[in-house]
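In: after the sequence you'll find the predicted model.
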Amino acid sequence: MLHRIDDRLIHGQVVVGWGRPLGVGFIALVDDTVAASDWEQELYRMGVPPEMTLYFADVATAEREHPKWESDSRPGIVLTPDIGTMARLAASVPVTEVNLGGIHHAPGRTQRLQYVFLTPEEEQALRDLAERGVKIFAQDVPGGKPVELGDLL
């Protein structure tokens, strides 16, 4: 199961770029705001093909559902909008790898790659995850070269 951070959440790069090559059967979108918003969920549903299951969960629900997702025989993506959400999830469920797929420009962020911009606090949160044994790498599409955290920072 791929654990990915992408602030755009569900879009073509996730559904087509990752979903098709990996044969993804489900996406678990973990975001407290989206989990509480029916209209946002409906928007994201429109971007997912009917053969792909889409789950919406806040972090607490994702913590409970994660074992079910892990045991699903279909490949899946657990998708969060930011590093903080992924760090909260990884604090209570087994996450071995995190893919940085799109963390875009915002005030206070420094460009690390064309598609990854980070604040000093976000860099520290990634280091903290890595110190707990989580492999962190940036990769925008499956065919792209993965960039390890040490090379990113």
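Out: Structure's in. What do you need?
In: who touches Pro146 in this structure?
Out: Phe137, Ala138, Gln139 (Cβ atoms under 8 Å, 6 or more residues apart in numbering). The C-beta positions use only the backbone N, C-alpha and C, and glycine is treated the same way.
In: surely the last one meets Asn99?
Out: Yes. If you go by Cβ atoms under 8 Å, Gln139 and Asn99 touch, sitting 5.7 Å apart.
In: these two: who's more crowded?
Out: A count of neighbours by other Cβ atoms under 10 Å puts Asn99 above the other of Gln139 and Asn99, at 22 against 18.
In: the more buried one contacts Phe137, correct?
Out: Yes. Asn99 is in contact with Phe137 according to Cβ under 8 Å; the separation is 6.3 Å.
In: which of the contacts of Pro146 sits closest to Val147?
Out: Nearest to Val147 among the contacts of Pro146 is Ala138, at 4.4 Å by Cβ to Cβ.
In: beta-bridge partners for that closest one, please?
Out: Leu100, Val147 (DSSP bridges).
In: pLDDT wise, what is it at?
Out: Ala138 is assigned a pLDDT of 98 by the prediction.
In: just give me the neighbour total for it.
Out: Close neighbours of Ala138, defined as other Cβ under 10 Å, add up to 25.
In: helix or strand next in line after the lowest-mean-pLDDT helix or strand in the chain, which one?
Out: Least confident helix or strand, the chain: helix 12 with a mean of 80, by mean pLDDT, DSSP states H and E. Sequence-wise, the next helix or strand downstream of helix 12 (DSSP states H and E) is helix 20-22.
In: mind checking how far that next one is from the chain centre?
Out: Chain-centre distance of helix 20-22: 16 Å, with Cα atoms, centre = their mean, to the nearest Å.
In: in it, which residues are buried?
Out: Buried residues in helix 20-22, counted by 16 or more other Cβ atoms under 10 Å: none are found.
In: and if you look at stretch 33-48?
Out: Neighbour-count burial for stretch 33-48, with 16+ other Cβ under 10 Å as criterion, is recorded at Val34, Ala35, Glu40, Tyr44, Gly47, Val48.
In: and those residues, which two are furthest apart?
Out: The most widely separated members of the buried residues of stretch 33-48, counting by Cβ to Cβ, are Ala35 and Gly47 (16.7 Å).
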